[in-house]
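> Here is my input; please provide its structure:
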Amino acid sequence: MILLIDACVRKDSRTKRLCRRVLSHLNDTVETVRLEEIDFPKTNEAFLKKRDACIAAGDFSDPMFDLAKQFARADAVVVAAPHWDLSFPAALKQYFEQINVVGLTFKYGDSDIPIPLCRAKRLFYVATAGGPVRSHAFGFGYVEALGREFYGIEIATLFCAEGLDIFGADPEAILLSAEAEIDRTLG
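Model (predicted):
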């Protein structure tokens, strides 16, 4: 199963367009998590006490753990995240906070190093940006490191079309070039 984590909010999202191209090359069923449809819980002391108690008891029956269970059983992950304010939409960070669960997506070993409990070995990060992206460290880099260090994702691939809204740019040509790169990489 391919897990699509959709952080796009616009109806005619350019990021979704590129994401559809990536998915066209992957032969598996797709489960989609649309982050704009999730009311993430408020992370306060009461929530953390409840969550920590469940984790300590090994009881993951509460619906708050459903996203983590889904992530852990995915064979591959596709993240569709437009580049906003040097990073990705805040809902994506909230998502990762929900799925980073000791006992479901990772555990700690004897030397306190995370040991992955997830099946996915590949992650595809798809983004678009209106301007130039000077560094992918706060978007793709963060997700790549989290995937590698906590979830055991061995290969993370970035597909990004940038400069789409710069005066004089040809957004369609930029998107077509990104689609061609996807086809070359995954074809």
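> Just the buried residues of the lengthiest helix in the chain, please?
Counting by DSSP state H, the longest helix found in the chain is helix 171-186. Buried positions in helix 171-186, judged by neighbour count with 16 or more other C-beta atoms under 10 Å: 174-175, 178-179, 182. All C-beta spots, glycine's among them, are computed from the backbone N, C-alpha and C.
> list the contacts for the residue nearest the centre of the chain?
Centroid check for the chain by C-alpha atoms, centre = their mean gives residue 79 as the closest residue, at 3.7 Å. If you count contacts by C-beta atoms under 8 Å, 6 or more residues apart in numbering, residue 79 has them with 5, 7, 92, 123-126, 143.
> same check, this time on residue 1
So residue 1 contacts 28-31, 73-75 (C-beta under 8 Å, 6+ apart).
> Most neighbours out of those, which is it?
residue 74 (23 neighbours; other C-beta atoms under 10 Å).
> pLDDT score for the residue sitting furthest away from the middle of the chain?
In the chain, the residue that sits farthest from the middle, by C-alpha atoms, centre = their mean, is residue 168; the gap is 31.2 Å. Looking at residue 168, its pLDDT stands at 96.
> Repeat that for residue 128.
Confidence score, pLDDT, at residue 128: 97.
> cool, residue 108 as well?
In this model, residue 108 is scored at 93, pLDDT.
> cool, the one 4 residues further on as well?
Residue-level confidence at residue 112 comes out at 87, pLDDT.
> What about it, how many residues nearby?
6.
> thinking residue 18 is in contact with residue 179, fair?
Yes - in this structure residue 18 lies within contact range of residue 179 using C-beta atoms under 8 Å: 6.7 Å.
> For the helix or strand where residue 142 lies, name the packing helices and strands.
Using DSSP states H and E, residue 142 sits within helix 140-146. Other helices and strands packing on helix 140-146, by 3 or more C-beta pairs under 8 Å, 6 or more residues apart in numbering; DSSP states H and E, are helix 90-99, strand 122-128, strand 155-161.
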